[in-house]
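Enquirer: Only the shape, not the letters, is given here:
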């Protein structure tokens, strides 16, 4: 607000002085038939200067002050929303192997779901349940690795889990092969041999 007031005062002062100088010059150069009193002339010049100079000058100064204030005012940037930093989780090599085995287990169950209903399919579900128990052993071995704090991929615990992930993947492929054969021969007698072989191929982590 100070910038606007100062500009208005300066405008009024400059307008008064300019108009006063102009009126005085006109008065001096004009030819008057009757000499007038100097005091009356001064008052007349003062009034004309105020009316014709101070008020317009103040208006112009106010406009200049508003422009200056808008230019000088710093732009207010909207505050950026503060998002809490996302905590960075350290890489867990044990979880990677567990997830591989878990993914194979899920795919085995999904494959069995597509097989036509039959006693042979019930046997497949039983085998799938045994695979799920082996997955629990996988999680237990991973917990052992974390407890030991090992980050060495040559550590016996890591190598045990690495072999387990390979066995789970191989078993997943075998389930797919047997399930495909059961589409054409869903009978238990026809699938018995394949199911017995498949059951023997289950990953055996507890062995």
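Expert: Arrived safely. From a predicted model like this one, the values you see are computed outputs, not experimental measurements.

Enquirer: how about the helices of the chain, start to end?
Expert: Under the criterion DSSP state H, the chain contains helices at 2-29, 38-49, 55-72, 93-113, 119-148, 156-184, 188-200.

Enquirer: average pLDDT across the second one?
Expert: What that stands for is helix 38-49. For helix 38-49, mean pLDDT is 60.

Enquirer: swap in the longest one?
Expert: Helix 119-148 shows a mean pLDDT of 92 in the predicted model.

Enquirer: Would you mark the buried spots in it?
Expert: Residues 120-121, 123-124, 127-128, 131, 134-135, 138, 141-142, 145 are the ones in helix 119-148 that count as buried (16 or more other CB atoms under 10 Å). (Glycine included, C-beta is placed from N, CA and C.)

Enquirer: Which elements pack onto it?
Expert: helix 93-113, helix 156-184, helix 188-200 (3 or more CB pairs under 8 Å, 6 or more residues apart in numbering; DSSP states H and E).

Enquirer: Can you add mean neighbour count and distance to residue 149 and give the ones you listed back as JSON lines?
Expert: Conversion of the helices and strands packed on helix 119-148 to JSON lines gives the following (neighbours: other CB atoms under 10 Å; distance: least, CB to CB, whole Å):
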{"stretch": "helix 93-113", "mean neighbour count": "17", "distance to residue 149": "11"}
{"stretch": "helix 156-184", "mean neighbour count": "17", "distance to residue 149": "11"}
{"stretch": "helix 188-200", "mean neighbour count": "14", "distance to residue 149": "36"}
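
Enquirer: need the ones you listed in CSV with mean pLDDT and distance to residue 150, can you?
Expert: Putting those into CSV (pLDDT from 0 to 100; distance: least, CB to CB, whole Å) gives the following:
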stretch, mean pLDDT, distance to residue 150
helix 93-113, 93, 9
helix 156-184, 91, 7
helix 188-200, 86, 32
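
Enquirer: what's near enough to touch residue 199?
Expert: 127, 130 (CB atoms under 8 Å, 6 or more residues apart in numbering).

Enquirer: Please apply the same query to residue 161.
Expert: So residue 161 contacts 94, 97-98, 138, 141-142, 145 (CB under 8 Å, 6+ apart).

Enquirer: try residue 108
Expert: 128, 131, 171-172, 175.

Enquirer: Same question for residue 202.
Expert: Residue 202 neighbours (CB under 8 Å, 6+ apart): 127, 130-131, 134, 171.

Enquirer: cool, and residue 97?
Expert: 138, 142, 158, 161-162, 164-165.

Enquirer: could you measure it against residue 138, distance?
Expert: 8 Å (CB to CB, to the nearest Å).

Enquirer: Now do the shared contacts for these two.
Expert: 161, 164.
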